[in-house]
Every structure is written in C-alpha cells, then in structure tokens.
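Trainee: What shape does this take:
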Amino acid sequence: MINIQKVAVLGSGTMGVGIAQVFAASGYDVVLYDIQVEALEKAKKVIEKNLKGAVEKGKLNDTEFLETQKRITVTNNFNLLKAELVIEAVVERLDIKCKLFSEIAAINPAETILATNTSSIPVTQIAAGVPHPERVVGIHFFNPAHIMKLVEIVSGVQTSEAVAETAKNLVTKVGKTAVMAKDAPGFIVNRVARHYYVEALKIAEENVATVETIDDLAEASGFKLGPFRLMDLIGVDTNFSVTNSIYHLFHQDGKFRPSRLQQQKVDAGHWGRKTGKGFYTYE
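Mentor: Below is the predicted model of the structure:
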C-alpha cells in the first residue's frame, strides 16, 4: 500500500481550495495547481481567511495556523505536480479531466493514485484513457470541503480494491466520514439530492411559490439550507452542470430534467455567492 506524504490538487476553485486546506491541516504537504496566477493568489487569501476563522472558533491554535499555511505551495508549473496522490477538482468536463490525468501520469510513477472530485461523471469513463486505470478512484468531497464531513469513495470498474481502501483510510485519517460507492451517475448523494433542487425549481417555474417561500419552508422542515440558498452556495453554474450530466447519463430521464429557470441564471452570469448574485443578491 502506497505511503502518501504529498498531495497535489489540480484546480484552485472553491473545491480545490477546500481540499488543499483539509490535507494541509492534517499534516500533508500540498501543491495547489492552477493555470491562472490570479486564481492562485485568490486561493491563498481564501485559505488564510478560513484558517483565521478556525482560530477564532478555537479549532486551531496560532502555531497550527502557521504550519498549515506553510504546508501549501501554490504553482502554475505543471512539472511540480509530482506526488503520491493527485486530486483533480477542475471543470466538469470529461475531456479535460482525461487530458489532465494523462499528462499527470506522464510525470509520475505508476503507483501514484489519481483521484477525481467529480460530482457526476463516471469514474470508469475518466479512467478509460489513463495508463494503469486501476489507480484511478473517485474521492468526492462536498462543499465547503474543509467543513463538510462526508466524502464519497467511488470505485470505477477497473479501480483496484487496494486503491479504494487506501483512499478510504486516507479520508478517515483527515477527519472525514468515508462512504464507499460503486460507479453510477451522481453516485449516491447527488443522485438523491438532485430532486431537492429539480422539484424546487419546478415549483418556482410554475409560480406555485416564491424562491424565498420555498427556502423558508424547507428550512422550517429541518433542512439547514433551502434549495435556492444551497444552489447559490454551491454555485448555480456548478449545480446546473451536474444536473445536465446526470440527466444525460440517465438517457434523458424526465425526472432529472434541467430547469429553464436555472439555465437563465447561468446564461446571465448569476452564479450565486461567487459572483454576488444568484437566486439572491449578495454584497
């Protein structure tokens, strides 16, 4: 079983930043990669803000804060992505994920575990074009990754049991709750949760109730966030992309039909908190 000491994270967006922070806080050296220098600078600020928040809440002391920061190296140099574990958290496009993993495989040994944080694309498809597909596994964190406890470990058709078990043990070691899943559209959580969003969007489309009313009712029923507030937090564009992916993977099953209302938000650039406007407006 491979001894993981260094982790490379591809993509410095919301998920990549959270994943990098999780591993660094647990003592692992982390390389956070992005092609855009501006995105990396933003990522450093977000991590610093998150860690300061943890200090204020008594979850970290000042020494742990500094040590965690020191363990994270940000870079736009692809050749520095040599590690025992590589996790991609890039855009939900099969071609891009496959291309990245093929390039990563070329500069790393065959033992390097290649993990995808995909929300919906089958791990089997991602692994198909990668040398040694048995080392490709899904390690699916949820947003925000540094807070949410659940992580899905997804085995593709060719994923070895040893790699899946290593991923499970690693996730447990960094303080998360690992759930093992077979490869299927949306895996477990996104398949079940899709209707939380899709049905809420249908209600809003049909003018049965306002977005605010739907959210308030859901939260009054025990949900921490209503569907629209949650979509704004996740990213309306990301949520829409996952719905589209699952819809097509289930051969256009009507119960997963993407929403025209959500499509309009995406087209307008109203992607939620990250753009300042989604179903709600933010400062």
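Trainee: State the helix or strand in which residue 154 lies.
Mentor: Per DSSP states H and E: residue 154 is located in strand 150-155.
Trainee: What residues sit buried inside the longest helix seen in the chain?
Mentor: Secondary structure of the chain per DSSP state H: the longest helix is helix 37-56. Along helix 37-56, these residues count as buried under the neighbour rule (16 or more other CB atoms under 10 Å): 39, 40, 43, 46, 47, 50, 51, 54. Every residue, glycine included, has its C-beta placed from N, CA and C.
Trainee: and those residues as TSV, adding pLDDT and distance to residue 282?
Mentor: Listed next are the buried residues of helix 37-56 as TSV, based on pLDDT from 0 to 100; distance: CB to CB, whole Å:
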residue	pLDDT	distance to residue 282
39	93	20
40	94	24
43	94	20
46	93	16
47	94	21
50	93	18
51	93	23
54	91	23
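Trainee: And the residues you listed, which two are furthest apart?
Mentor: The distance between the two most remote of those (CB to CB) is 22.5 Å, for 39 and 54.
Trainee: quick one: contacts of the strand holding residue 154?
Mentor: 123, 137-142, 161, 164, 167-168, 171, 176-183, 187-189 (CB atoms under 8 Å, 6 or more residues apart in numbering).
Trainee: quick one: that strand to chain centroid distance?
Mentor: 11 Å (CA atoms, centre = their mean, to the nearest Å).
Trainee: What's the first helix or strand after that strand?
Mentor: Beyond strand 150-155 toward the C-terminal end (DSSP H and E), the next one is helix 161-173.
Trainee: which regions of the chain lie under the pLDDT threshold?
Mentor: 1 (pLDDT under 70).
Trainee: 80 instead, please
Mentor: In the predicted model of the chain, residues 1-2 satisfy pLDDT under 80.
Trainee: and it, what are its domains?
Mentor: Domain assignment for the chain by automatic domain parsing gives 6-182, 189-275.
Trainee: end to end, how far does the last one reach?
Mentor: Counting by CA to CA, to the nearest Å, the length from the leading to the trailing residue of domain 189-275 is 26 Å.
Trainee: Can you classify residue 251 by secondary structure?
Mentor: For residue 251, the assignment made with DSSP: H, G, I helix; E, B strand; the rest coil gives coil.
Trainee: neighbours around it, how many?
Mentor: Burial of residue 251, expressed as a neighbour count using other CB atoms under 10 Å, amounts to 8.
Trainee: Can you tell me how far it is from residue 201?
Mentor: Taking CB to CB, to the nearest Å as the measure, residue 251 falls 21 Å from residue 201.
Trainee: what do you get for residue 21?
Mentor: Applying CB to CB to residue 21 and residue 201 gives a distance of 31 Å.
Trainee: I figured residue 233 was touching residue 273, is that so?
Mentor: Yes. Residue 233 is within contact range of residue 273, at 5.9 Å (criterion: CB atoms under 8 Å).
Trainee: Noted, bye for now.
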